[in-house]
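> The sequence and its predicted three-dimensional model are supplied below.
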Amino acid sequence: MFSYLPHTDEEIKQMLADIGVESIDELFADIPEKIQFKDTLQLPKGKSEHEVYSRLEAMAKKNTQGVSFLGAGIYDHIIPSTVGAIMGRTEFATSYTPYQPEISQGVLQAIFEFQTLMNEITSLPVSNASLYDGHTAASEACALAVNSTRKTDTILYSGTIHPYTKEVLTTYFEDLGVKLVELPEKEGVLDAGSVKEHLTPQVAALLVQSPNIYGNLEDYTGIADILHENKSLFIISSNPMSLGVLKSQGEWGADIAIGDTQPFGLPAYYGGPTVGYIAASEKLLRKMPGRIVGQTVDEEGKRAYVLTLQAREQHIKRERATSNICSNQALAALGTTVYLSTVGKKGLEELSAQNMQKAHHLAEKLQKEAGLELLSNQPFFNEFTLKLPSEAAEVADKMEKEGIFAGVVLNKLDPSYPKDLLTVAVTEKRTAEEMEKYVRSIKGALK
Amino acid sequence: MAGPENLKFQKSHEWARVEGNIAYVGISDHAQEELGDIVFVEIPELDDEFEAGEEVTNIESVKAASPINAPVSGKIVKVNEELEDTPELINQKPYDTFIFAIEMTDSSELDNLLSYEDYQKVIEEE
C-alpha cells in the first residue's frame, strides 16, 4: 500500500508548513465534526492477484443469467465487435477528454464525428461532445433554455418523461429559483391541450419525451408553434434508436434535442455509464453547455480538429460560463460513434424497423394468446406497458426464475406509478423462440 | 462621425451616443483593446426592455465572453446586424460601431454617465 503514498513524513511536514496549517486533520476542518470518520477503516489484509480473481469470479457466478426484456432507458441491443475493438485501443481507452485545444487529434476527430452523427440523427445543426447521460442532458437543455430566454423562470415538463429525469431536474433547479411545472398525461401520452393553459411569459421551455416512459409515441403537431409564439423553447427527448424510422426532434420543430445514446453500442452495464446527447438550433450554439470540437486546417492547410467556442466553458472564465459541465463521456461516445459507423444509415433504419416490428409482434401475442391488456391504445416503438391483473413485481420475480427479465416495474422506478404496470422492451436481439417463452412464462406467472 | 469627446461613458466600458431620445451603445477603444480579437457579438432582440446597468447581451473575444450593459433604461429599437458577420468592426472602429440603440425612458439618466475625460481617469486608475 505504501507505494501508493509517495510522500515522506518530511515532505508532508514541509507542505503543511508552506500552506500554514499544523496537521492533515486541520485540512478537513471545514467538514462538520459529526460526519467525520474517526475510526480506522476495517479493511481485510491484502490478497494475492490469484485470490482476488477467485473471489471476484465466485461473486460473478451469483449473477442471474437471463433473456432481457428490460428497457425504460437502458436496452439490450446487439453490439458489433468493432465497438469493443476500437474502444479498447489504449490510445482511446487511457486518454482523458482533451483540454488542450489542439492536441490528441484522434480523440478530437472521434468527438467531431460523434457531433456530426448526432446532428444527422436529430436534424438539428449543432451538437456538443456529449454529456453524462440522458437525464443530465435534459437538465442541461432546460438550463440552456432558461439562459437563452429573457425574464423566464419556469420549465414545463410532461408527466410522461422518465421519473429519473424529473429527479435530476429537481436536483438541478430546486435551489436556483426555477419553477418546475408538470403537465398532465392523458391516455398514456402528454395531454397536448394542457400546454396552452400553462404557458406564461415566464416559461423558458417545454420538455417532453417520445417514446415516453410507457414506450408510447407522442404527437407534437402544432406544439412548436404554440411555444415559439410565446418565445419559449421546445425540448424533445428521444431514444435515438427510434429516430431510424420516426420523426426526428428537428422535424417536430424542436429547438433542443436530447437523449441517451446507450442503445448505440453501449452495454447495459449496471445502469451506466451511458452518454447524453444534445443538439440544438444554430441560435443556441454560443450558450451550449460542454465542449465542442470544430474542424479547421493547420498552417500547412491540412484538415485538423480543435476544441472551439471555449469562451463559454467554465475553465476559461467561470462566472461567465453557461454551464458547469466541462467534461464529457469521450470514451463511451466513441463507442456510439463506432457503432453508428458500423451499422450505417441504412442499417440504422433496418434496426429501428426491426425493433418496432418485434415489439409489436410480442405485444400482439400477449394480447391474443395471454389475454393481457396494454395500458393505453397508443402507437409505440420498441417498448410497451402492460396493465397486469396482479402486481407486476411478483410476476417479474416469477419469470426471472425461468430466466426471463420480464420488463421494468414502473412502481419500482417511482412509487407514484400503480403497481400493476410492467414496461416491456423488445429489441432486434430477441428471437421468436424467446418471445414464445415469454408468453408461456407470463401465463404461468399469472395463474 | 463624432470623436469620443462627444460620447457618454459608463464604468463598465460602454459608450452612449445620444440622438434625440435614442442612445446608440458601443464599447470603448480601451475595452476592445483589452478583449483582443472579437469573434462574436450576440445580437439583442428588438423591443426587449432593460434597466440602466442591466446586461443586454454578450460579446466574445478569443479570450473570454463579456457582458454589455445598458447605460440607460429603455427599449431596444435598433441593432447592428453587420456585427453578425463582421464582429471585428468593433476592434477596427470602436467609436463608429454601435451594437444596439435604446429608446430612452428617462433621459436624465444620462447625467449618471461619465464624460470622455472622466472615463479616461477611470481607466488610468484601473
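Arrived safely, thanks for sending. Numbers count the residues shown, from 1 in each chain, chains lettered A, B, ... in the order given.

> Excluding chain neighbours, what is closest to residue 118?
Since no chain was named, I'll use chain A. Spatially, and ignoring its direct neighbours in sequence, residue A:118 is nearest to residue A:127 (4.1 Å; C-beta to C-beta, 6 or more residues apart in numbering or on different chains). Yep, even glycine has a C-beta here, placed from its N, CA and C like the rest.

> try again with chain B
Excluding its sequence neighbours, the residue lying closest to residue B:118 (C-beta to C-beta, 6+ apart) is residue B:9, at 7.5 Å.

> Show the backbone phi and psi for that neighbour.
phi -120, psi 160 (degrees, to the nearest 10).

> wait, doesn't it sit right on residue B:15?
Yes: here residue B:9 reaches residue B:15: they are 5.3 Å apart, a contact under C-beta atoms under 8 Å.

> what do those two both touch?
Counting by C-beta atoms under 8 Å, 6 or more residues apart in numbering or on different chains, the residues touching both residue B:9 and residue B:15 are residue B:28.

> residues contacting the residue nearest to residue A:118?
A:114-116, A:118-119, A:277-280, A:292.

> What about those, which one has the most neighbours?
Counting neighbours by other C-beta atoms under 10 Å in any protein chain shown, residue A:277 leads the contacts of residue A:127 with 32 neighbours.

> and it, that one's in a strand?
Yes: residue state for residue A:277 (DSSP: H, G, I helix; E, B strand; the rest coil) corresponds to a strand.

> hey, what's it bridged with?
On the basis of DSSP bridges, residue A:277 is bridged to residue A:259.

> Report the closest residue of the stretch 101-250 of chain A relative to chain B.
Relative to chain B, the nearest point of the stretch 101-250 of chain A is residue A:150 (6.0 Å; C-beta to the nearest C-beta).

> quick one: the helices in the stretch 101-250 of chain A?
Remark: helices assigned in the stretch 101-250 of chain A by DSSP state H, counting those that start in this stretch are A:105-122, A:134-148, A:163-173, A:194-198, A:223-229.

> So which of those helices is nearest residue A:5?
In terms of C-beta to C-beta, the element of these nearest to residue A:5 is helix A:105-122, at 31.5 Å.

> And the closest one, what does it pack against?
Judged by 3 or more C-beta pairs under 8 Å, 6 or more residues apart in numbering or on different chains; DSSP states H and E, the packing partners of helix A:105-122 are helix A:90-93, strand A:126-127, strand A:276-280, strand A:292-297, strand A:303-308, helix A:330-369.

> Next up, the contacts around residue A:120.
residue A:345.

> Contact residues of chain B facing chain A?
By C-beta under 8 Å from any C-beta of the partner chain, the residues of chain B that approach chain A are B:40, B:42, B:45, B:48, B:58, B:60-67.

> among those residues, which ones are buried?
In the residues of chain B next to chain A, burial by neighbour count holds for B:40, B:42, B:58, B:60-61, B:64-66, counting by 16 or more other C-beta atoms under 10 Å in any protein chain shown.

> export those to JSON lines and tack on distance to residue A:379 and secondary structure?
Output for those, formatted as JSON lines (distance: C-beta to C-beta, whole Å; DSSP: H, G, I helix; E, B strand; the rest coil):
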{"residue": "B:40", "distance to residue A:379": "43", "secondary structure": "strand"}
{"residue": "B:42", "distance to residue A:379": "40", "secondary structure": "coil"}
{"residue": "B:58", "distance to residue A:379": "43", "secondary structure": "strand"}
{"residue": "B:60", "distance to residue A:379": "44", "secondary structure": "strand"}
{"residue": "B:61", "distance to residue A:379": "50", "secondary structure": "strand"}
{"residue": "B:64", "distance to residue A:379": "48", "secondary structure": "coil"}
{"residue": "B:65", "distance to residue A:379": "44", "secondary structure": "strand"}
{"residue": "B:66", "distance to residue A:379": "49", "secondary structure": "strand"}
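
> quick one: buried residues of the longest helix along chain B?
What stands out as the longest helix in chain B, according to DSSP state H, is helix B:116-125. For helix B:116-125, the neighbour count (16+ other C-beta under 10 Å) marks B:116, B:119 as buried.

> Packing partners of it?
strand B:8-9.

> rerun that using 10 Å as the cut-off
strand B:8-9, helix B:29-35 (3 or more C-beta pairs under 10 Å, 6 or more residues apart in numbering or on different chains; DSSP states H and E).

> Could you tell me how many residues sit around residue A:80?
Residue A:80: 14 neighbours (other C-beta under 10 Å).

> Alright, calling it a day.
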